[in-house]
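J.: What shape does this take:
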Amino acid sequence: IWREKLGGNQIASPVHDGQRVYFFGASGKTIVIRAGRKYEQLADSRLDAGFMASPSVFADSFILRTKTHLYRIADKPE
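T.: Take a look at the predicted model:
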């Protein structure tokens, strides 16, 4: 449907949450795009140490393993 280069070395499996697709890179960069028929980047962020594995999904959060830490990333409760 479309092609786009995200840049970097994407080593982890992408994760889809129904509305967004998350890509995790070896350098620690995460790119979030809208799932759909047109490319739309929603966000990018970086953790200091690069990702070492594909993320795990737990309830409404991601469990992310970097070279030095284990993170749980979730929406802030309202």
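
J.: Identify the residue nearest residue 74 in space, chain neighbours excluded?
T.: Counting by CB to CB, 6 or more residues apart in numbering, residue 74 lies nearest to residue 61, which is 3.5 Å off, once chain neighbours are set aside. Just so you know, the C-beta spots here come from the backbone N, C-alpha and C atoms, and that holds for glycine as well.

J.: residues near the one you found, how many?
T.: 14 (other CB atoms under 10 Å).

J.: same check, this time on residue 53
T.: By other CB under 10 Å, the residues close to residue 53 number 13.

J.: measure it to residue 4 for me?
T.: Counting by CB to CB, to the nearest Å, the gap from residue 53 to residue 4 is 24 Å.

J.: Tell me if I'm right that residue 47 and residue 65 touch.
T.: No - Residue 47 is not in contact with residue 65 according to CB atoms under 8 Å; the separation is 10.2 Å.

J.: re the thing from before, got a list of what the residue nearest to residue 74 touches?
T.: 72, 73, 74, 75 (CB atoms under 8 Å, 6 or more residues apart in numbering).

J.: Just give me the closest of the residues you listed to residue 14.
T.: Checking the contacts of residue 61 against residue 14 by CB to CB gives residue 73 as the nearest, at 15.5 Å.

J.: could you say which helix or strand contains the closest one?
T.: In this structure, residue 73 is located in strand 70-74 according to DSSP states H and E.
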